[in-house]
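> Just to be clear, the model below is a prediction. Sequence and coordinates:
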Amino acid sequence: MPANSRARGSSLPPGAHRSGPRDRRFDELAGSYDRREALQGDPLEPWLRASLPPSGATAVDLACGAGRHAAVIAERYDHVLAVDLSQQMIDLAQRRRPAGNVVYRSADLLDVDGRFDLVFCSSALHDIGDLDRALCHVRSLVAPGGTAIVADVVGRLSPRPVWLVRLLAVMALVVDARRRPRDAAELYRLNTDPAWLEHLASDRYLSRAEFERRYGHHFPGSEFTRARHLHVCSWQDR
């Protein structure tokens, strides 16, 4: 990786975090999280393939999880830094999605510095207490003429009680039993794992209107689109 595409070592004690996403819960959930995405399908992969610039020099994937998006980005960018707070997620990404032009690293996304032609972050910032600080930091990582793509879940009811999350899993089972009967039982087991239910019940999402207002404040002139259950903010530095 170029010298300016690095993550500073965090001075926080083990287990502590400032940004929130992919914390110790995801050490426990890493394998099941990746399996769930494999069964359900990645909502952003088709969108990324259609929307990413055809080529670029440097990119960073913040809160990269098991590296699904980093692998797609690496098809078009020469050097990709992929960071996640969960060491288990990073270990999984290194095993399942290694690439010569991707460096996986365990780090808090607020500790990443440098400038990148692409700054990408998906399904993570809703876990951060100080969203405005995080968005400001994400923008600071965009190189002149570069692109920021930030996607997250939006919802009107947040946080959701555990009983509602469980009910939604039952409703999903009914749909999956018709659409993908071979995987329905496994998906239901993954969706009702107690640790996963607890995580979902603790999530706090912005409404779509609030998402566009707050993200648009930090990325003026950005475009908003939808990729299944995710809302996507795309912005280019000009």
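Structure received. Numbers count the residues shown, from 1 in each chain.

> Assess the claim that Thr40 and Glu186 are in contact.
You called it Thr, but residue 40 is Gln. No - counting by Cβ atoms under 8 Å, Gln40 sits too far from Glu186 to count as a contact (10.8 Å). C-beta here means a position set from N, CA and C on the backbone, and glycine is covered the same way.

> Partner strands of the top strand by length along the chain and their direction?
Longest strand of the chain, by residue count under DSSP state E: strand 142-153. Paired neighbours of strand 142-153 in the sheet (DSSP bridges): strand 116-122 (parallel), strand 230-236 (antiparallel).

> Please identify the deepest-packed of those.
When these are scored by mean count of other Cβ atoms under 10 Å, the highest mean neighbour count falls to strand 116-122 (a mean of 25).

> mind saving the C-alpha coords of that one as PDB?
What follows is strand 116-122, C-alpha atoms only, in PDB (Å, rounded to 0.1, in the frame of the first residue of the first chain):
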ATOM      1  CA  PHE A 116      -8.100   7.800  -1.100                       C
ATOM      2  CA  ASP A 117      -9.700   8.000  -4.600                       C
ATOM      3  CA  LEU A 118     -12.600   6.000  -3.200                       C
ATOM      4  CA  VAL A 119     -13.900   6.000   0.400                       C
ATOM      5  CA  PHE A 120     -16.500   3.300   0.900                       C
ATOM      6  CA  CYS A 121     -18.600   2.400   4.000                       C
ATOM      7  CA  SER A 122     -21.600   0.200   4.300                       C
END
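
> tell me the mean pLDDT over that strand?
Across strand 116-122, pLDDT averages out at 97.
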